[in-house]
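pasted the sequence and its predicted model underneath.
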Amino acid sequence: MTKKNHPPQRQEILFTGFGGQGIVLAGRILGEAAVIGDHKESTLVQAYGPEARGGACSAQVIIANGVIHYPYVRHPDVLVCMSQGGFDKFFGDLKENGTLMIDQDLVNPHTVLPKESDNPYFAIPATRMAEELGRKMMANIIMLGFFTAATSAISVNAARNAVTGSVPKGTEKMNIKAFSKGYDYGLAVLKGRKKKASGNRGA
């Protein structure tokens, strides 16, 4: 689960959580950033549970440098989980050596992963950070910022522009603040991992 030096030709990404978290909006912003900002091809497939709010929800996004013939994600390269139910349902589909990202206050990966795992995952308290900003509903934007920092799927400028163009009028500044909070957290996590890896090699 390490960051690639060069973006792959095709990435399959699955955001999952429950209704009301803005999962589909996050997927749409991701796709728009790829297409409009980074000039790539992208598809979005969304799925809801029986209840619109509180039920299971997912957004399947494919980003590629060429034509996408099949829009459904079967084995995601990146799995972003903002609910335990979503994690339990989709973790088994994650590609070998794929990237797992979780909201650490809402998902316990150790129901599946051993506590000392060879495949580290990315964790962020996205919902708690959103609550600290006074807008719990922006946890999805914080997670999107974190995702942007930790993966090579989209560029930060494309992501910021897509956020600005997708959120309700009058909330742009607050949402960019949320995005930046998640992005900076992701950069800090990557820096910490790099430092730890460097220390291990020097031991």
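The structure has been received and is ready for your questions.

contacts, neighbours, all on C-alpha from now
Fine.

and residue 158, how far from residue 105?
28 Å (CA to CA, to the nearest Å).

can you check residue 91 too?
Here residue 91 is placed at a distance of 17 Å from residue 105 (CA to CA).

with neighbour numbers in mind, choose between the two.
Neighbours were counted for residue 91 and for residue 105 using other CA atoms under 10 Å; residue 91 has more, 18 against 15.

which intervals of the protein have sub-threshold pLDDT?
1-8, 49-54, 115-119, 200-203 (pLDDT under 70).

would you map the strands across it?
10-18, 41-48, 56-64, 78-81, 99-103, 122-124 (DSSP state E).

can I get these in a markdown table including mean neighbour count and distance to residue 167?
Converted to a markdown table, these look like this (neighbours: other CA atoms under 10 Å; distance: least, CA to CA, whole Å):
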| stretch | mean neighbour count | distance to residue 167 |
| --- | --- | --- |
| strand 10-18 | 25 | 18 |
| strand 41-48 | 19 | 18 |
| strand 56-64 | 24 | 17 |
| strand 78-81 | 26 | 20 |
| strand 99-103 | 23 | 21 |
| strand 122-124 | 20 | 22 |
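
isn't residue 142 right next to residue 186, touching?
No: distance between residue 142 and residue 186: 9.9 Å, which falls outside the contact criterion (CA atoms under 8 Å).

those two - which one has more neighbours?
Higher neighbour count among residue 142 and residue 186: residue 142, with 30 against 24, using other CA under 10 Å.

longest helix in this structure, by residue count?
Longest helix in the chain by number of residues (criterion: DSSP state H): helix 172-202.

pull the number of nearby residues for residue 113.
14.

would you mind measuring from it to residue 120?
Per CA to CA, residue 113 is found 10 Å from residue 120.

and residue 64, by the same measure?
26 Å.

same check on residue 191?
Distance of residue 191 to residue 120, given as CA to CA: 15 Å.

and the two? which has more neighbours close in?
Neighbours were tallied for residue 191 and for residue 120 using other CA under 10 Å; the higher tally belongs to residue 120 (15 against 12).

contacts for stretch 130-145?
Applying CA atoms under 8 Å, 6 or more residues apart in numbering, the contact partners of stretch 130-145 are 20-23, 26, 30, 103, 124, 126-129, 159, 163, 175, 178-184, 186.

end-to-end on it?
Stretch 130-145: ends 12 Å apart by CA to CA.

do stretch 88-108 as well
End-to-end span of stretch 88-108 (CA to CA): 10 Å.

could you number the chain from 496 rather than 1 from now on?
Sure thing, new numbering starts at 496, so read that last one as stretch 583-603.

distance between it and the chain's centre?
When distances are taken as CA atoms, centre = their mean, to the nearest Å, stretch 583-603 is centred 10 Å away from the chain's centroid.

likewise stretch 573-590?
Distance, stretch centre to chain centre, for stretch 573-590: 11 Å (CA atoms, centre = their mean).

list the buried residues in that stretch.
Buried residues in stretch 573-590, counted by 16 or more other CA atoms under 10 Å: 573-582, 585-586, 589-590.
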